[in-house]
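Asker: sequence and predicted structure are below.
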Amino acid sequence: MLKDKNALVTGSTSGIGWGIAHALAEQGCNIMLNGFGDRGEIERNRAALEEQYNVRVMHHGANLLHPNEIYEMVEWTCAQLGAIDILVNNAGIQYTAPIEEFPRDKWDAIIATNLSAAFYATQYTLPFMRRKGWGRIINTASVLGLVGSVHKAAYVAAKHGIIGLTKVVALETAGSGITCNAICPGWVRTPLVEAQIQARAAQRDIDIETAASELLTEKQPSKEFVTPEQVGQLVVFLCSDAAVQITGASITMDGGATAQ
């Protein structure tokens with residue numbers, strides 16, 4: 001279905017982004033990975049994904065805090081793989097603190113990484129999609145793009161912003177062969193969430209699995225984590241012909257969290 005399409009997935013060296021990259025590669029997409037981590041591990045994973053699905057897989061280490069590096073990543077992706085058909089704005093960071101104590105540098109970094117980076121990547125990629133008359137832009141938002149949560153001012157603000165950006169891009173590209181949608185996962189057991197589980201375990205002096213279970217019980221009626229693989233399959237669907245009239249949507253995958 002997506003054979004020989006080119007996909008850029010930000011924040012894809014682990015977690016949700018890796019699940020998305022894996023799912024797209026399985027469908028025949030060439031992949032540009034982006035993200036931080038151990039260089040040796042990234043290279044091993046890149047090579048394994050390339051070999052497993054017989055597609056081209058590359059990595060660009062752009063720091064998404066800097067718009068010029070995002071521009072360079074988009075240009076390099078197009079030079080190496082060809083014009084970008086699928087852009088997944090997935091990269092995200094987190095920090096928790098009450099508003100009165102929220103550090104200015106953490107606010108700036110979260111807004112830049114979780115929101116501004118998606119704007120710049122979209123801005124730089126859209127001209128290539130318009131020339132081809134086809135494109136899929138998928139933004140990883142969160143249930144926290146739809147509801148609030150204490151001590152997460154920057155993250156909640158950024159994810160609400162992502163949903164607004166998604167709607168604007170969808171309206172500006174309607175009828176052009178390009179769609180733009182947001183995915184809103186609930187708890188996914190990624191490194192970002194694992195850090196919150198560990199903090200809870202330490203604070204309450206309980207074991208990790210008990211802390212994880214409490215987290216799910218409080219927020220997610222299914223009492224099960226969403227998996228990166230499930231998110232990846234939703235991205236594949238949004239890239240398919242069946243989803244051609246789905247644009248500007250914010251699709252929850254949260255075990256019923258926002259149904260409460």
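Answerer: Good, I have the coordinates. Numbers count the residues shown, from 1 in each chain.
Asker: from now on I want contacts and neighbour counts done on CA atoms only, so please keep to that.
Answerer: Fine.
Asker: can you pull out the strands in the stretch 51-200 of the chain?
Answerer: 57-60, 86-89, 135-140, 178-185 (DSSP state E, counting those that start in this stretch).
Asker: want to throw the ones you listed into a markdown table with mean pLDDT?
Answerer: Below are the strands of the stretch 51-200 of the chain laid out as a markdown table (pLDDT from 0 to 100):
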| stretch | mean pLDDT |
| --- | --- |
| strand 57-60 | 98 |
| strand 86-89 | 98 |
| strand 135-140 | 98 |
| strand 178-185 | 98 |
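Asker: mind checking those strands for the one nearest to residue 168?
Answerer: Nearest to residue 168, of all the strands of the stretch 51-200 of the chain, is strand 178-185, at 8.9 Å by CA to CA.
Asker: got the angle between that closest one and strand 135-140?
Answerer: With axes from the mean of the first three to the mean of the last three CA atoms, to 10 degrees defining the directions, strand 178-185 sits at 20 degrees from strand 135-140.
Asker: in strand 178-185, which residues are buried?
Answerer: 178-185 (16 or more other CA atoms under 10 Å).
Asker: of the strands of the stretch 51-200 of the chain, which is nearest residue 225?
Answerer: When these are compared by CA to CA, strand 178-185 sits nearest residue 225, at 9.7 Å.
Asker: elements contacting the closest one?
Answerer: Secondary-structure packing of strand 178-185 (3 or more CA pairs under 8 Å, 6 or more residues apart in numbering; DSSP states H and E): strand 135-140, helix 153-173, strand 250-253.
Asker: can you pull the contacts of the residue most central in space within the chain?
Answerer: In the chain, the residue lying closest to the centroid (CA atoms, centre = their mean) is residue 90, at 1.8 Å. Contact analysis of residue 90 by CA atoms under 8 Å, 6 or more residues apart in numbering lists 9-12, 16-17, 114, 139-141.
Asker: next: residue 129.
Answerer: Each residue near residue 129 by CA under 8 Å, 6+ apart is listed here: 83-85, 135, 178.
Asker: check residue 2 too.
Answerer: So residue 2 contacts 24, 27-29, 239-240 (CA under 8 Å, 6+ apart).
Asker: next, format those as CSV and append secondary structure.
Answerer: Below are the contacts of residue 2 laid out as CSV (DSSP: H, G, I helix; E, B strand; the rest coil):
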residue, secondary structure
24, helix
27, coil
28, coil
29, coil
239, coil
240, coil
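Asker: which one of those residues sits closest to residue 199?
Answerer: Comparing the contacts of residue 2 against residue 199 with CA to CA picks out residue 24 as the nearest, at 33.0 Å.
Asker: correct me, but that closest one touches residue 232?
Answerer: Yes - shown here, residue 24 and residue 232 form a contact pair, counting by CA atoms under 8 Å, at 7.3 Å.
Asker: of these two, who's got more company?
Answerer: Per other CA atoms under 10 Å, whichever of residue 24 and residue 232 has more neighbours is residue 24, with 26 against 20.
Asker: tell me who's in contact with that one.
Answerer: 2, 7, 31, 232, 235-236.
Asker: and it, what's its pLDDT?
Answerer: pLDDT for residue 24: 98.
Asker: from residue 57, how far off is it?
Answerer: Per CA to CA, to the nearest Å, residue 24 is found 11 Å from residue 57.
Asker: mutual contacts of those two, please.
Answerer: Going by CA under 8 Å, 6+ apart, residues that sit against residue 24 and also against residue 57 are residue 31.
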